[in-house]
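A.B. asks: Below is the structure, and that's it, no one-letter string:
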């Protein structure tokens, strides 16, 4: 059995949960929700460098998602935060809403993922998106 190596000092997610409190819901000890590109970039400043290599089920890394956030402020990210109550404390992106007119970013994520994403078209606030997730 593999042992989890912590990404940073215990409790590093506390500030993230406080910052995103209005966007996250608690389910089974894990906070989850959809956040804007600007919010992802802001919380990334609070993460230990090792967390930037985090990946969900063959998805691109968190670092890759940050590149998308920098390139397109309309992008939305489905995230979850595992708190210090567990040994695998981290912030993970498990899905992304990329504006449909940004085929370049959709292609970037295709190339960066180890496994193919599941996908569907979506509309949020009048903007057409390609929702991509890895499960």
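C.D. replies: Alright, I've got the coordinates. As the structure is a prediction and not an experimental result, all values here were calculated from the model. Numbering: from 1, shown residues only.

A.B. asks: what's around residue 118, how many residues?
C.D. replies: 12 (other Cβ atoms under 10 Å). C-betas here are computed from N, CA, C, even on glycine.

A.B. asks: and it, what are its phi and psi?
C.D. replies: Dihedral angles of residue 118 (phi, psi; degrees, to the nearest 10) stand at phi -90, psi 150.

A.B. asks: From residue 78, how far off is it?
C.D. replies: Distance, residue 118 to residue 78, by Cβ to Cβ, to the nearest Å: 12 Å.

A.B. asks: residues near residue 72, how many?
C.D. replies: 15.

A.B. asks: Quick check: it touching residue 40?
C.D. replies: No - in this structure, residue 72 is not within contact of residue 40 by Cβ atoms under 8 Å, at 11.4 Å.

A.B. asks: any idea what residue 97 is structurally, helix, strand or coil?
C.D. replies: Residue 97 falls in the strand class when you classify it by DSSP: H, G, I helix; E, B strand; the rest coil.

A.B. asks: ok, and for stretch 92-111, which residues are buried?
C.D. replies: 92-99, 102, 105-106, 108-109 (16 or more other Cβ atoms under 10 Å).

A.B. asks: That's all I had, so thanks and see you.
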